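J.: pasting a predicted model and its sequence here:
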Amino acid sequence: MSFNVQTFQSNIDNRGLVQSNKYDITISLDNSELSSALLKMPTKGGSIYMSDMCKDLSYRCIAAEIPTLEIRAASINRYGLGVSEQIPFVSQPQQLPMTFLCDRIGGVYNFWTSWLNYILAMNGLSTANQTMTNQLTTNGQFYTLEYKTNYSATIAIAVYDNGGNITNTHKYYGAFPIIARSSPIGWGTNNDLLKLNVSISFREYQIDQSTIS
């Protein structure tokens, strides 16, 4: 069948296109203990409600990537020798990277670093007996790991069309930050904004399809 420009254009017009800059993210903390712990994070502006902080992060997420979904496979010789074929044996989703604009009271930076510190007590406080205690965890022990049910969250990325309709929603369950990457600063970067790049690990994912008729 020969290529027809009108048929091609009609198909594109019928189903439309989606731009990569129309999206928002939603962070839902799964556990009240995590919310309570993050409320202790230091900010110049005082206490911040987690619902307000999570909403603010939605506006400040200037970049994100839908993670690669990969099935790992092993090379198996079909008859024990000769030609081999790939046999899948496990799924291995990649991390979810996101970039946030930092705010002037340090809320964005403190939110993610405090979450990391809640997972593994890395940032301690010196006490009178020269021991180190963690200010976010309930047990107060330095270098202790929190239970996963206490630090996981649900993160959703909704992608929109030009009409403001959701084309699909990517949901990531059991999500938590695993890396808060370095933020370059320098005297020569007068017009650059300070950004924080975060990598999110997750347990499971789900894709809600579009309801557009």
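T.: Perfect, I can see it now. Numbers count the residues shown, from 1 in each chain.

J.: which of the residues in stretch 159-169 are buried?
T.: Using 16 or more other CB atoms under 10 Å as the test for burial, stretch 159-169 gives Val159, Tyr160, Ile166, Thr167, Asn168, Thr169. Backbone N, C-alpha and C define where each C-beta goes, glycine included.

J.: what separation do you get for the last one and Cys54?
T.: Relative to Cys54, Thr169 is positioned 16 Å away (CB to CB, to the nearest Å).

J.: do the first one as well
T.: Distance, Val159 to Cys54, by CB to CB: 19 Å.

J.: any chance of the buried residues of stretch 159-169 in CSV with distance to Phe89 as columns?
T.: CSV is the format used below for the buried residues of stretch 159-169 (distance: CB to CB, whole Å):
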residue, distance to Phe89
Val159, 31
Tyr160, 37
Ile166, 34
Thr167, 32
Asn168, 28
Thr169, 29
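
J.: just those: which are in strands?
T.: Val159, Tyr160, Ile166, Thr167, Asn168, Thr169 (DSSP state E).

J.: among those residues, which one lies nearest to Gln86?
T.: Asn168 (28.2 Å; CB to CB).

J.: the closest one against Gln209, yeah?
T.: Yes: look at Asn168 against Gln209 with CB atoms under 8 Å: they come within range, at 5.9 Å.

J.: quick one, longest helix in this protein?
T.: Longest helix in the chain, counting residues (DSSP state H): helix 107-119.

J.: what comes up buried for that one?
T.: For helix 107-119, by 16+ other CB under 10 Å, it's 107-119.

J.: can I get the residues you listed in JSON lines with distance to Ile62 and pLDDT?
T.: Listed next are the buried residues of helix 107-119 as JSON lines, based on distance: CB to CB, whole Å; pLDDT from 0 to 100:
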{"residue": "Gly107", "distance to Ile62": "16", "pLDDT": "85"}
{"residue": "Val108", "distance to Ile62": "11", "pLDDT": "90"}
{"residue": "Tyr109", "distance to Ile62": "15", "pLDDT": "88"}
{"residue": "Asn110", "distance to Ile62": "19", "pLDDT": "86"}
{"residue": "Phe111", "distance to Ile62": "16", "pLDDT": "89"}
{"residue": "Trp112", "distance to Ile62": "15", "pLDDT": "91"}
{"residue": "Thr113", "distance to Ile62": "19", "pLDDT": "88"}
{"residue": "Ser114", "distance to Ile62": "21", "pLDDT": "86"}
{"residue": "Trp115", "distance to Ile62": "19", "pLDDT": "90"}
{"residue": "Leu116", "distance to Ile62": "21", "pLDDT": "91"}
{"residue": "Asn117", "distance to Ile62": "24", "pLDDT": "87"}
{"residue": "Tyr118", "distance to Ile62": "25", "pLDDT": "87"}
{"residue": "Ile119", "distance to Ile62": "25", "pLDDT": "89"}
